[in-house]
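any chance you could fold what I've pasted below:
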Amino acid sequence: MLVHTTLAFTPQRVPLGILHQQVWTRSPETYGKKHQRKKRAITEKESQKWLNSPEAARTIHKESPDTLVISVGDREADIYELFHHASDYPQSCHLLVRAAWDRKVEHPQKYLWPSMETQPVADTFEVIVPRKKNKSERSAHIDIRFAPLTLLPPQNKSRLGPLTLWAVYVNEPSPPHGEEPLSWMLLTTLKVESLDEALCLVNYYSVRFSIELFHKVLKSGCTIEKRQLQTAEGLIRCLALDSLVAWRIMFLTMIGRAVPQLPCTVLFGEHEWKALYCFINTTKTLPLFPPSLQEATRLVARLGGFLGRERDGFPGTEVLWRGMQKLASISAAWFAFGPHTV
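Next up, the predicted model:
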């Protein structure tokens with residue numbers, strides 16, 4: 001069973017909710033027929049999922065037409081039909097996709113990457129590349145270019161005609177020896193006429209990696225891949241519940257950083273924050289006012305093993321997931337044996 005989830009995020013990476021979730025299975029009859037994919041319509045391919053996601057975003061946009069809504073996709077979303085459909089989007093509803101194909105363009109260089117490399121460097125800046133499994137943290141000097149361009153359709157899709165988009169090219173020209181250079185070629189329906197607008201789109205695209213965090217919580221925390229149910233319908237229902245749990249963990253992680261001064265009652269029920277406070281502080285005396293959201297988040301993280309040392313920074317999804325699991329039992333005990341039962 002395969003899943004494609006569309007999440008709504010703010011530019012500050014706060015997850016607002018699940019917009020759409022597609023679930024399907026692959027028919028055994030399609031195995032070994034990958035070579036026929038170019039002859040099939042987009043509606044007959046799994047790639048259709050990328051067209052469905054922006055449609056879900058457009059539905060939300062209708063309820064808030066003054067909000068800028070940008071559908072972000074990785075290299076798998078570099079589909080010509082997707083950009084063609086975007087021409088019908090409202091003015092404040094746009095696409096931002098990382099390019100995968102060196103497409104033909106109306107330019108003397110003929111192709112996307114060579115044509116963008118001829119554009120002047122708008123700015124050079126330094127970024128920190130986080131540590132990975134076998135790689136240490138490092139700094140990288142990045143060039144950024146942007147320009148409008150006209151994509152030419154693939155030969156088998158000539159009926160769709162050319163498309164005018166904007167490209168933002170972020171590239172590390174001289175990576176350290178043995179390191180893969182950082183390189184993003186972003187295509188967007190938004191106009192990019194200044195360096196600030198280009199940098200803003202780079203930041204928007206970086207938010208996309210939050211969906212990987214959602215999948216991590218769904219797989220590692222909720223263990224959705226280990227569920228053993230008798231029917232696909234049961235698994236789909238379980239997926240819906242686990243997805244909401246994963247979203248809540250992510251929301252708790254980020255909202256506590258974005259607006260830490262909010263009272264914790266915006267996310268925690270009365271029995272939850274009271275049980276949490278008394279359990280962590282080993283007291284029966286409640287505070288006059290509920291803790292702030294940041295304080296409550298750290299209390300939950302302590303349940304999950306977070307030490308809260310000076311250099312530990314903000315608690316992450318893993319300790320919050322473990323903490324929320326324990327809080328469920330503590331809250332149930334509060335319901336059964338708390339002061340209100342006396």
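
alpha carbons only for contacts and neighbour counts from here, please
OK.

which residues in the chain form strands?
In the chain, the strands defined using DSSP state E lie at 2-9, 15-24, 69-73, 93-98, 123-129, 138-151, 163-171, 183-188.

closest to S331 out of these?
strand 15-24 (24.7 Å; Cα to Cα).

next, the buried residues of that closest one.
Residues 15, 17, 19-21 are the ones in strand 15-24 that count as buried (16 or more other Cα atoms under 10 Å).

quick one: mean pLDDT over it.
In this model, strand 15-24 has an average pLDDT of 90.

and the angle from it to strand 2-9?
160 degrees (axes from the mean of the first three to the mean of the last three Cα atoms, to 10 degrees).

strand 15-24 pairs with which strands?
If you go by DSSP bridges, strand 15-24 pairs up with strand 2-9 (antiparallel).

just the angle between the partner strand and strand 69-73, please?
140 degrees.

just how off-centre is strand 2-9 within its chain?
In terms of Cα atoms, centre = their mean, to the nearest Å, the centre of strand 2-9 is found 8 Å from the chain centre.

where in this protein is pLDDT low?
Applying pLDDT under 70 to the chain picks out residues 29-40, 340-342.

can we see that at 80?
1, 26-44, 90, 130-135, 221-222, 308, 310-312, 337-342 (pLDDT under 80).

between the buried residues of strand 15-24, which sits nearest F146?
Using Cα to Cα, the buried residues of strand 15-24 come closest to F146 at P15, 28.6 Å.

ok, now how distant is the closest residue to that closest one other than its chain neighbours from Y204?
Counting by Cα to Cα, 6 or more residues apart in numbering, the nearest residue to P15 once its immediate chain neighbours are dropped is F9, at 4.4 Å. Distance, F9 to Y204, by Cα to Cα, to the nearest Å: 10 Å.

distance check, A41 against Q109.
In terms of Cα to Cα, A41 sits 30 Å off from Q109.

now swap in E212 and tell me
With Cα to Cα as the criterion, E212 and Q109 are 35 Å apart.

quick one: which of these two has more around it?
Q109 (14 against 10; other Cα atoms under 10 Å).

contacts only, for the more buried one.
For Q109, the contact set (Cα atoms under 8 Å, 6 or more residues apart in numbering) comprises S115.

contacts only, for the closest residue to T164 other than its chain neighbours.
Residue nearest to T164 in three dimensions, not counting chain neighbours: T150, with 4.3 Å by Cα to Cα, 6+ apart. Taking Cα under 8 Å, 6+ apart, we find T150 in contact with 105-106, 162-165.

cutoff 10 Å now
T150 makes contacts with 104-107, 112, 162-167, as judged by Cα atoms under 10 Å, 6 or more residues apart in numbering.

just those now: which is nearest N281?
Nearest to N281 among the contacts of T150, with distances taken as Cα to Cα, is A167, at 53.8 Å.

wait, the closest one sits on E117?
No. Counting by Cα atoms under 10 Å, A167 does not reach E117; the two are 11.3 Å apart.

shared neighbours, those two?
With Cα under 10 Å, 6+ apart, A167 and E117 have common neighbours 145-146.

hmm, back to that, export the contacts of T150 as a markdown table, with columns for neighbour count and distance to L307.
Shown next, in a markdown table, are those (neighbours: other Cα atoms under 10 Å; distance: Cα to Cα, whole Å):
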| residue | neighbour count | distance to L307 |
| --- | --- | --- |
| K104 | 18 | 54 |
| V105 | 20 | 54 |
| E106 | 15 | 57 |
| H107 | 14 | 56 |
| L112 | 21 | 49 |
| P162 | 17 | 56 |
| L163 | 16 | 53 |
| T164 | 17 | 52 |
| L165 | 19 | 48 |
| W166 | 20 | 46 |
| A167 | 27 | 44 |
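
among these, which one lies nearest to V129?
Nearest to V129 among the contacts of T150, with distances taken as Cα to Cα, is A167, at 22.9 Å.

now the closest one: how far from L186?
A167 is 6 Å from L186, by Cα to Cα.

ok, and what's touching stretch 216-233?
1, 24-25, 210-215, 234-236, 238-239, 241-247, 249-250, 317-322, 325.

in helices, which of those residues appear?
210-215, 234-236, 238-239, 241-247, 249-250, 317-322, 325 (DSSP state H).

now the buried members of these.
Buried among the ones in helices among the contacts of stretch 216-233 (16+ other Cα under 10 Å): 210-211, 214-215, 235-236, 239, 242-243, 245-247, 249-250, 317-322.

what residues are up against the closest residue to E126 other than its chain neighbours?
Among residues not flanking E126 along the chain, H141 sits closest, at 4.5 Å (Cα to Cα, 6+ apart). H141 makes contact with 124-128, 171-175, 181-182 under the criterion Cα under 10 Å, 6+ apart.

for the residue nearest to the spatial centre of the chain, give its distance to V266.
For the chain, I211 is the residue whose C-alpha lies nearest the centre (Cα atoms, centre = their mean; 3.0 Å). Distance, I211 to V266, by Cα to Cα: 23 Å.

who does the residue nearest to I236 when sequence neighbours are not counted bridge with?
Of all residues not flanking I236 in the chain, V23 sits nearest, at 7.7 Å (Cα to Cα, 6+ apart). Bridge pairing for V23 (DSSP bridges) gives the partners V3.

isn't V23 right up against T5?
Yes. When contacts are counted by Cα under 10 Å, V23 is listed as touching T5 (8.7 Å).
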